[in-house]
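Colleague: predicted model follows, preceded by the sequence.
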There are 2 protein chains.
Amino acid sequence: MNPEASLIDSALRGWKSNVDRTAKLFGALTEEQLLEQVAPGKNRLIYLWGHLTASSDALLPLLGLGRRLHPELDSIFISNPDGYSQNMLSGADLKKVWDEVNDALWAAFSNLSPSDWAQRHTAVSEEDFKLEPHRNRFTVLLGRTAHLAYHFGQAKLAQR
Amino acid sequence: MNPEASLIDSALRGWKSNVDRTAKLFGALTEEQLLEQVAPGKNRLIYLWGHLTASSDALLPLLGLGRRLHPELDSIFISNPDGYSQNMLSGADLKKVWDEVNDALWAAFSNLSPSDWAQRHTAVSEEDFKLEPHRNRFTVLLGRTAHLAYHFGQAKLAQR
């Protein structure tokens, strides 16, 4: 493995391990447990899970890997706070979407070369990217890995 | 910047932004607030802050960057649970240690070349590293960035 590929391998391992531990935690909860808040007055577990699913789904267009699979998640889990939407998914349905989104992402990630990772993401213009070359796919991958860990840490608090 | 240096730059930015937001959150809390639990029956904020400080201090030897600055933190914040130690630090004292550790780490990180980052960390033997070359400094950096984000997410829950 060349040095660049090795660095990307490390980042993909970090992404995968955070996806896997998140899937394991939420996947083990009952529908009833998913409706519990992580702390008094805070988001419910189902909301955190859906929020992470929607964020990951949004990576597909952000990284130029394809269209969103589930744009309908945004109004439930991103643009509105927990409790707003009447269309909350069941845990069983959310698990299917989570798996679908993560399988699609992992397949797409596995096809990217080191130079693909160094390219700009779609929310930065070509002009801005010349001035700020760190606004690339790789930086997004690292940021979203931290985002997963951030909410996983919160969900862990609700575990008994 | 060559491609490897660019990937490392992304990871260092991710580390730094997590250190900075963590410092900002804890640094803004009063001594009284630091003694509050992040959720009922869970760790106090001061414990999370000290735990992250001790973990970062331990990176110095783990990454082969020098000796620990504050090994005394471990029995308070790592090897024992919150409430066990009688030597809890004040927020003011912990802030000094946090800054000292993070300044030392940042200075050391800034001196590492891409090939330094690809070298094994000190908890893996030369033999094992041949079989598992991903057990390098870079992977540790990414893992500890996720660790920061994990506990930062928990601390955020206690913010009002």
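Modeller: Everything's here; your move.
Colleague: how many other residues sit next to A:Thr30?
Modeller: 9 (other C-beta atoms under 10 Å in any protein chain shown). In short, each C-beta sits where N, CA and C put it, glycine included.
Colleague: same question, A:Leu52
Modeller: 26.
Colleague: and for A:Glu32?
Modeller: 8.
Colleague: tell me if I am right that it is in a helix.
Modeller: Yes: the assignment for A:Glu32 is a helix, going by DSSP: H, G, I helix; E, B strand; the rest coil.
Colleague: any idea how far chain B is from it?
Modeller: 19 Å (C-beta to the nearest C-beta, to the nearest Å).
Colleague: ok, the residue most central in space within chain A - contacts?
Modeller: For chain A, A:Ser56 is the residue whose C-alpha lies nearest the centre (C-alpha atoms, centre = their mean; 3.1 Å). Residues in contact with A:Ser56, defined by C-beta atoms under 8 Å, 6 or more residues apart in numbering or on different chains, are A:19, A:98, A:101-102, A:105, A:144.
Colleague: and A:Ala108, by the same measure?
Modeller: A:60, A:63, A:65-66.
Colleague: buried only: go through the residues you listed for me.
Modeller: Among the contacts of A:Ala108, the ones that count as buried by 16 or more other C-beta atoms under 10 Å in any protein chain shown are A:60, A:63, A:65.
Colleague: so the first one sits right up against A:Leu105, yeah?
Modeller: It refers to A:Leu60. Yes: the pair A:Leu60 / A:Leu105 is scored as a contact, 6.9 Å apart, by C-beta atoms under 8 Å.
Colleague: my read: A:Ala11 touches A:Leu141, true?
Modeller: Yes: under the criterion of C-beta under 8 Å, A:Ala11 makes contact with A:Leu141 at 5.6 Å.
Colleague: looking at the contacts of A:Ser56, which is nearest A:Ala118?
Modeller: A:Arg144 (16.7 Å; C-beta to C-beta).
Colleague: A helix includes A:Gln159, no?
Modeller: No: counting by three-state DSSP, A:Gln159 is located in no helix; its state is coil.
Colleague: for it, give me its contacts.
Modeller: If you count contacts by C-beta under 8 Å, 6+ apart, then A:Gln159 has A:Leu25 around it.
Colleague: got the residues of chain A near chain B?
Modeller: On the criterion C-beta under 8 Å from any C-beta of the partner chain, chain B has as its neighbours in chain A the residues A:1, A:3-4, A:6-11, A:13-14, A:18, A:38-40, A:42, A:114-115, A:117-118, A:133-134, A:136, A:138-139, A:142-143, A:145-154, A:156-158.
Colleague: hmm, back to that, surely the residue nearest to the centre of chain A is in a strand?
Modeller: No: applying three-state DSSP, one finds A:Ser56 to be helix, outside a strand.
Colleague: need the buried ones among the contacts of A:Ala108 in TSV (columns: secondary structure).
Modeller: Formatted as TSV, the buried ones among the contacts of A:Ala108 follow (three-state DSSP):
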residue	secondary structure
A:Leu60	helix
A:Leu63	coil
A:Leu65	coil
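Colleague: how about those in CSV, adding distance to A:Leu25 and pLDDT?
Modeller: Listed next are the buried ones among the contacts of A:Ala108 as CSV, based on distance: C-beta to C-beta, whole Å; pLDDT from 0 to 100:
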residue, distance to A:Leu25, pLDDT
A:Leu60, 23, 98
A:Leu63, 25, 97
A:Leu65, 26, 97
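Colleague: now distance to B:Glu126 too, for these, in TSV please.
Modeller: Formatted as TSV, the buried ones among the contacts of A:Ala108 follow (distance: C-beta to C-beta, whole Å):
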residue	distance to B:Glu126
A:Leu60	41
A:Leu63	37
A:Leu65	38
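Colleague: for the residues you listed, which one is nearest chain B?
Modeller: Taking C-beta to the nearest C-beta as the measure, chain B sits nearest to A:Leu63 out of the buried ones among the contacts of A:Ala108, at 13.9 Å.
Colleague: the closest one touches A:Arg137, doesn't it?
Modeller: Yes: taking C-beta under 8 Å as the definition, A:Leu63 is a contact partner of A:Arg137 at 5.2 Å.
Colleague: overlap in contacts, these two.
Modeller: Contacts common to A:Leu63 and A:Arg137, judged by C-beta under 8 Å, 6+ apart, are A:His121.
Colleague: and the residue nearest to A:Leu157 when sequence neighbours are not counted, what does it touch?
Modeller: Residue nearest to A:Leu157 in three dimensions, not counting chain neighbours: B:Ala39, with 4.9 Å by C-beta to C-beta, 6 or more residues apart in numbering or on different chains. By C-beta under 8 Å, 6+ apart, the contact set of B:Ala39 is A:38-40, A:157-158, B:154, B:157-158.
Colleague: and for A:Ala107, the neighbour number?
Modeller: For A:Ala107, using other C-beta under 10 Å, the count is 10.
Colleague: in a helix, A:Ala104, correct?
Modeller: Yes: under three-state DSSP, A:Ala104 falls within a helix.
Colleague: shaky segments in chain A?
Modeller: In the predicted model of chain A, residues A:160 satisfy pLDDT under 70.
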